[in-house]
Structure formats: structure tokens, C-alpha cells
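A.B. asks: Sequence first, then the predicted structure, then my questions.
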Amino acid sequence: DEQYDPQALQAKWQPRWEELDPFRAVEDAGDERPRRYMLDMFPYPSGDLHMGHGEVFAIADVVARYWFQRGYNVLHPIGWDSFGLPAENAAIKRNAHPAEWTYANIETQATSFKRYAISFDWSRRLHTSDPEYYRWNQWLFNRFFERGLAYRKGGLVNWCPKDQTVLANEQVVAGRCERCGSEVIRRELTQWYFKITDYADRLLDDMARLEGGWPDRVLTMQRNWIGRSEGADVRFEIEGRDEPVTVYTTRPDTLYGATFFVVAVDAPLAEEICDPERFSDFEAYRAEVAKLSDIERLSTDKDKTGVFLGRYAVNPVNGERIPVWAADYVLSDYGHGAIMAVPAHDQRDLDFAMKFELPVRVVLHTGMADPGETGVATAGEGTMVNSGPLDGLTKAEAIPRIIGILAERGTGAGAVNYRLRDWLLSRQRFWGTPIPIIHCADCGEVPVPDDQLPVTLPDLRGEALSPKGVSPLASATEWVNVACPKCDGPAKRDTDTMDTFVDSSWYFLRYCSPGFEDGAFDVDKVRLWGPIDQYVGGVEHAVLHLLYSRFFTKVLHDMGMVDFTEPFERLLNQGQVINQGKSMSKSLGNGVDLGEQIDAFGVDAVRLTMVFAGPPEDDIDWADVSAAASQKFLARAFRVMAEAGAASAPGVDTATGDLELRKVVHRTIDEVTRLVDSYRFNVAVARMMELTSAARKAIDSGPGAADPAVREAAETLAVMLSLVAPYVAEEGWERLGQPPSVARAGWPVAEPSLLVQESVTCVVQVAGKVRDRLEVSPSITAQELEELALASEKVRFHLDGTPRKVIVRAPKLVNIVP
Ligand code: ANZ
Ligand code: ZN
């Protein structure tokens, strides 16, 4: 009786697969298979692969291998996102060059990927830190520059004091640096930006197309990030100032309820209009606010603060004089940095009015109690009051009416506002793509001509890279000083590098022609493969990488380089691998090492555990799953395949096989196909386990190992298992006398005549009342039946959240206690 030895199978098959190279994407015109593009978010080479990689790549591989089996011509590439801060920090610590650390880690990960048996087309491998790659970042930058989509401007920017570099808004999470967690401060600096705001509407509108293919929460996060709102710009005269001041409001209908006016304390306007007698109070307040982080400043529970500026604004519709205040709850970089305050209908304004005893005037009668007394601003529908020509109208009627009035008088107009800001892309760090611009005193910003690209990084290492607030590139004087490409006069290179999110905004296009030398990518090859059919990666990129990639794709579409406008048709966010209910971390000491798990249980068992743990979107608690149990199952599957292989030869007439087992085989094929199609991989694995048990029973106490149905079951098992446990599947396939690779064996097809089976009616009760009846298979398991019952619309209608208890008497009864 032969033992299942996973390590021996790995040693045997890994080199064979390197030779067989079964996962090459084919571009020959003669290949008529339909094409599919599967993409995993490429890894950052921070060390060896970790458990999170283990999960995401195992899950994506199920789909990619399934597509191969279904006869698709699949592109499933791999590369490395290899620029970035960790390499630079490691280099400073070790007095080395970031490339040494980076490329050593890449080799480690590549070796691990090969052992982990992911179905990559290795011929397309790329690294974003290679000059052959980042050359095209520069080339694309030049194209963006020509189109006015890359520009330089001064202004307040987010600055990470620890990493000593600016950050894009998207990289500031709750006021902190996305990388290192330090509190971000504001600095006045001149930086490079991509004009993503030009694409705000398209980024928003095209999301309708992604509905269903992308997780709702990602779409919602992007919508909120773009933050489009509709309303009006209204111009207020400020007494003693020549120019009126514009405010943006989403509620122009409440204009008659504006009882005061607020300017952001840090906006230049506040300083400018402040009454000289109050200037010292104002300055003291401004200094106090400057000490606050953005988080503190925006906190809703924070007491409202502000100072009266000693000036008055004039309401353009009724001529009323209202006091002008400076406060921190109005932001200088949103809208116009000033607001009309309507305390009756805006809670922030009401809090402020109550604190400083400013008047509250209701203009929309909603039937709710007086906000001035309750302290609760009223929202919702109602009838306009105290509003001159708007009286008696509904809110929806009042908005266009007041916009019309403002327009007639030339004091306002309808307006759209976005939360989205342009993408700040320059960084004061070393390990990134040099910005291909030369600054010339006479010619200004001159792009490095395309034929002089790439502008490679100067050779700096160790201490020279330590953060100083200016780019380390500035210290490479020989590199910096160049002749102006236009006038040949003395000029200087831009010393900033690009945000590494630039690298990842188009890498999926480069994979279609990784060695291409005449442009960022071969347009025809992208036409063959694009867009990506399935993208798999973490939800942490919901508004970073995914928004930037969508923006790049739209620009490239406008340049005529791609014929689609959305890069990723479908997106799957896998869950996290946690341990004992918590994220793995050094400080908690609950880390689990992928390599050690593989050494202990084998690649197949680890992969199977990842896939079997639950729906792919759910977190996996490693303490709740058992790689040892997975290994035991694989040993059973191995023996079934080995015994069937020893007892019969390929090509037997399966029609003569045991009918009972054949029915199980074909039902399994039918169900697993549908389960994999709908990404219920864990349930698909459960079916494979049942098939294994059925075959075992047929061998031991049924028709015996030589029965053609046993071979049919074993061959089916090998092909299905190849999606999750490729080594044992390949070995089993060989034992069954079949030629490698099982990865290309072809997906089995269920025979309809073997699928017919009687069904029974299962009654589902909620709190003792019958709420649904389900037609189910007589052999349905308790767990399946429970899942089915809980998924029923009728049941869910009567259930509020998770039930307290579910009693299952398969196949006839499910009793749910809510
Ligand atoms: C008057 C008003 C009355 C407002 C009312 C709301 C309710 P969104 O939807 O996020 O675009 N606002 C405008 N600029 C601001 C700034 N720089 N800092 C803080 N708040 C600002 O929000 C638009 C609303 O936020 C605007 O509409 C304005 O308050 C405020 F019953 O104007 B509203
Ligand atoms: Zn010049």
C-alpha cells in the first residue's frame, strides 16, 4: 500500500513542468481558442511570499486553470512591482543599493511561486524597476505632458515627516501616511500632478458598467472618493472688498436661511479681510488650528471653534448683512474655501451658531421641531418658508428656481463639485522612475526627448539615500547638470521620482508584449488580450491602484492606444488570512509562515486549505482550518487514482461501468462546473471530496477497482483536482496511464442522461412556521441543505440577521430559530 508523499511529488513534477511549460499564452493566428486574460495584482518584493500571497494566488489559479481546462487560450502573467520605499530603507540600513535587496527578494519569490505551482506564463515576467520598464513610464509621462495632463504647480501638499516625501491624497488614510502610519502634515511645495480631475465624470459614469463585475463596496468607495455633488456657486459681496466671494452650496434653496458666513481660517481670504483690530485674535486662533491634525480638525465630536473677522457679507438675494467668521470646520481646499452658513438645516453650522449665539432661521418647514431649540438641524422634504419668491415651493422646486434667479442677476449659477483632487505624482525619494523633465532658465520645463529615454537613476547607495526632504537625486550633481535639449544651454534635471502607483497603472498592458521596444506596449497585442477578464487582489487598493489604472486606461483610450475604456471587467477581492481571529503581526506573535506550512503539509494541502476554507471573499482564520486534514484528503484521493490506474487501462468503455457511481461522477461534473463558474470554490472542493468517497466505496465494497466507472471517477477527480492540488493531480493522471500535463486534459462534460434523479421536497420553517419548500436531492448533506435554506429569499425575508440556531434533518426538514 503506497504512501502519499507530497514532497516527493513536488520534486518529481516541478522540473517536468518547467520543460512542459503548459501555460504559455499563444498568439499564433492559427490558434482559434477564445482568449481570456487573468491577472493577479503583482507582488511587491518585500521578502518571501507570505500567507496572503498564498491565498490570493491559489484562488486566482483555480480560475486560470479552469479556463485552461475549458479550452481557453489564457494569458496569466506575473511580474514585480519592484520600486518603492522598503527597498530604499533597507539599502540605507545596510549601506547597500536598493537593487540588491529588491532583485534578491524577487528571485526568492519567483522560486517560491514555481514551487507553489501557479499557472503563470513565465515568459512575460517583468520588473518595474528595470530600465526597460520604467523607460516607458517616462515615455507615457511625456505623452501626458504633451496633452496637458501632467503639470507642475505650487500649493499645500501632504507631507510625511517620517518618509520625508509628499503623498497623494489617496495615500493619506485618516490623516496618516498609508505606508508608515505617521501623521501627515501640510507643506507649501511645488510638485508634479496628473490631471485626473479632467476624467472625474468619466471615472464616475463608467462605473455603471462595472456593476455586477466589481464588488459593490469598491464601487461605493470610488464614488465617494470622487465625491461628485451638484448645487450652485453663489457670489456674496463683502463690505469693503472690491471682488465678491464665491461659495459652493449643495443647498441653494436655503439661501434665505443663511445667517452668517464662514471662511476657512487657513485660506488667504481670511487673513486678507480680517479687521485689523481683530488681527491678533485671528492670528492666535490660526496658530492653534495649525497644530491640529486633519483628523482632529474634522472630527465631528470636536467642539466648534472660530473667530469673528469684524466684517459683513451681503446676501445677494435679500441684501441682508451677515457676519463673517473664520473657523476650522471649513476647509481651504474644498469648494471655494468659504461657505454660507445655514444653521437651521446644516448640523455643523447649527453647532457653530449655538456655540457663538448666532441666529437660526428655518426656511424649509419639515414638521420637525425648531432646530434653534433642539440643537438638531432639520433635513428632508418640506415647504419653503421665510424665503420670498420661494415660499410655498418644495425643496426640489426651489433649487432650480433660485438658480434661475441668481443667474438672472449675475450673482450665481448651478455648479458641480468634486472631492477628487489631481494626482500628486512627484516624490522626494530615490528608488523610483526619474521624472523626465529638464529645467532650463530660458525654455522652462523641457521633456527629455523620447529617443534619449530612459533617464536612468544615478548610482547612489547607502547614506546618500537617507531622506533629507529633497530628493537624493539632487546630490548627484553630474547627473543633474545637463544641456537643455532645446537651446543647449546649461540646465538641470528634475530630481523627483514618480509615485510607484504610476508603475502599476499600466503594467497589465505591458504584459501583452513585455519585450516591446517601440512603445510602452504593442497596440495590436493589447487588442488581442485586453481588457482583463478577471482581476484578483486586495481591497486596500480600492481607491488607489484601481482608480489610477482606470484613469490611465481612459487617457490611453483617448490617445488611440487601447480600444477599451475600463481595464478590469471583473474584480475579486479575496479575504485576509488571519490567525486566532486577528491579523498576523510580529507584535502579536501569531504569524504563520507560508514556507513552513508548505514544508509541513505540502503545496497541494496548503493550496487546498486556502480554497476550501470558505467563500473567496471571506477572511481565513488559520486557527480554524486544518492543512493536516487537507493532506489526509489528498492522500485518499491519491490512493483512489493509484488503485484505479493499477486496475484498468485508459480508453475503457465507461458506459459499461457501475451505474450508481457513474451518476455520482456526472452529477459532480455538473455541479462543480456550475460552482466554479460562480466562484464557489470551497463548495466545489467539497464535491470533489464526496466523489473521492464514492469511488473509495465502489472500490472497497462495490464493483471493485477495475470497474470502468471507477476509472471514470478517478480521471474526473484528477482533472478537477488539478485546479487546487496540481501535484497530486498530475501524479494521479500519470498513474491512470494518461500523458502529462493534466492541466491541459480538458474539462469533463456531464452526460445529461445520468443527471436525472428523483428529488424530495424539503420544508423550511422559521420560528415554527413553514416559509419555503425546496426541491432537493435525496442525498443532499446537512450542510448543503442548511446553506440552501438560508439562501432562500422567502426565508431571508423572515429572518433578521444571523439565526440563533438551525436544526437540519436532511433531506426533508430545516428548522430555523431566529
Ligand atoms: C449651505 C448648506 C445648507 C449646505 C444646508 C449644506 C446644507 P458636499 O456635499 O460634500 O459637496 N461646504 C462647502 N464648501 C465647504 C468647505 N470648504 N468646507 C466645509 N464645508 C463646505 O458638501 C457641500 C456642502 O458643504 C455645501 O452646502 C456647504 O454647506 C459645505 F442645509 O451650503 B452647504
Ligand atoms: Zn533651454
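C.D. replies: Thanks, I have it. Ligands and ions are numbered 1, 2, ... in the order given.

A.B. asks: what residues are up against Val480?
C.D. replies: Leu473, Ala474, Lys492, Arg493, Thr495 (CB atoms under 8 Å, 6 or more residues apart in numbering). C-betas here are computed from N, CA, C, even on glycine.

A.B. asks: Dump those into a markdown table; add distance to Ala686 as well.
C.D. replies: Shown next, in a markdown table, are the contacts of Val480 (distance: CB to CB, whole Å):
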| residue | distance to Ala686 |
| --- | --- |
| Leu473 | 56 |
| Ala474 | 60 |
| Lys492 | 64 |
| Arg493 | 60 |
| Thr495 | 57 |
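
A.B. asks: What is the most widely separated pair among the residues you listed?
C.D. replies: Spanning the widest gap among the contacts of Val480 are Leu473 and Lys492, at 10.6 Å by CB to CB.

A.B. asks: So for the two, which residue has more residues nearby?
C.D. replies: Leu473 (24 against 17; other CB atoms under 10 Å).

A.B. asks: how about the residues of the stretch 101-250 of the chain near ligand 1?
C.D. replies: Ser229, Tyr248, Thr249, Thr250 (CB under 6 Å from any ligand atom).

A.B. asks: sorry, back to before: which one of the contacts of Val480 sits closest to ligand 1?
C.D. replies: Nearest to ligand 1 among those, counting by CB to the nearest ligand atom, is Thr495 at 33.6 Å.

A.B. asks: and that closest one, that one's in a strand?
C.D. replies: No - per DSSP: H, G, I helix; E, B strand; the rest coil, Thr495 lies outside any strand segment and is coil.

A.B. asks: Give me every residue in the chain lying close to ligand 2.
C.D. replies: Within the chain, the residues that sit near ligand 2 (CB under 5 Å from the ion) are Cys440, Asp442, Cys443, Cys484, Lys486, Cys487, Gly489.

A.B. asks: Out of those residues, who's the most crowded?
C.D. replies: Counting by other CB under 10 Å, top hit in those: Cys440 with 20 neighbours.

A.B. asks: Pick out the least confidently modelled helix or strand of this structure, by mean pLDDT.
C.D. replies: Within the chain, no helix or strand scores below helix 294-298, which has a mean of 67 by mean pLDDT, DSSP states H and E.

A.B. asks: hey, C-alpha coordinates of the helix or strand just after that one in PDB?
C.D. replies: Next helix or strand after helix 294-298 toward the C-terminus (DSSP states H and E): strand 306-314. Extracted in PDB, the C-alpha atoms of strand 306-314 (Å, rounded to 0.1, in the frame of the first residue of the first chain):
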ATOM      1  CA  GLY A 306     -13.800  80.200  15.400                       C
ATOM      2  CA  VAL A 307     -13.300  84.000  15.500                       C
ATOM      3  CA  PHE A 308     -15.400  86.800  14.200                       C
ATOM      4  CA  LEU A 309     -13.400  88.700  11.500                       C
ATOM      5  CA  GLY A 310     -15.200  92.000  12.100                       C
ATOM      6  CA  ARG A 311     -16.600  92.100   8.600                       C
ATOM      7  CA  TYR A 312     -20.000  91.600   6.900                       C
ATOM      8  CA  ALA A 313     -21.100  89.700   3.800                       C
ATOM      9  CA  VAL A 314     -24.200  90.700   1.800                       C
END
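
A.B. asks: So what's the model's average confidence on strand 306-314?
C.D. replies: Mean pLDDT, strand 306-314: 98.

A.B. asks: Can you identify the element that follows that strand toward the C-terminus?
C.D. replies: Sequence-wise, the next helix or strand downstream of strand 306-314 (DSSP H and E) is strand 321-327.

A.B. asks: For the helix or strand following that following strand, name the packing helices and strands.
C.D. replies: Sequence-wise, the next helix or strand downstream of strand 321-327 (DSSP H and E) is strand 338-341. In terms of contacts (3 or more CB pairs under 8 Å, 6 or more residues apart in numbering; DSSP states H and E), strand 338-341 is packed against strand 245-249, strand 260-264, helix 347-356.

A.B. asks: Relative to the whole chain's centre, how far out is strand 338-341?
C.D. replies: 35 Å (CA atoms, centre = their mean, to the nearest Å).

A.B. asks: How about the residue in the stretch 701-818 of the chain that ligand 2 sits nearest to, nearest residue that isn't a chain neighbour?
C.D. replies: Nearest to ligand 2 in the stretch 701-818 of the chain, going by CB to the ion, is Ala743, at a distance of 57.6 Å. Of all residues not flanking Ala743 in the chain, Pro22 sits nearest, at 4.8 Å (CB to CB, 6 or more residues apart in numbering).

A.B. asks: which ones are touching that neighbour?
C.D. replies: Phe68, Ser119, Ser741, Ala743, Arg744.

A.B. asks: and with 10 Å instead?
C.D. replies: Listed by CB atoms under 10 Å, 6 or more residues apart in numbering, the contact set of Pro22 reads Arg16, Arg65, Phe68, Ser119, Asp121, Pro726, Glu730, Pro740, Ser741, Val742, Ala743, Arg744.

A.B. asks: Weed out the non-buried ones from these.
C.D. replies: By neighbour count, with 16 or more other CB atoms under 10 Å, these hold Arg65, Phe68, Ser119, Asp121, Pro726, Glu730, Pro740, Ser741, Val742, Ala743, Arg744 as buried.

A.B. asks: Compute the number of surrounding residues for the residue in the stretch 201-350 of the chain that ligand 2 sits nearest to.
C.D. replies: Going by CB to the ion, ligand 2 is nearest to Pro268 of the stretch 201-350 of the chain, at 33.1 Å. Neighbours of Pro268 under the rule other CB under 10 Å: 11.

A.B. asks: so it touches Asp333, yeah?
C.D. replies: No - Pro268 is beyond contact range of Asp333, at 11.9 Å (criterion: CB atoms under 10 Å).
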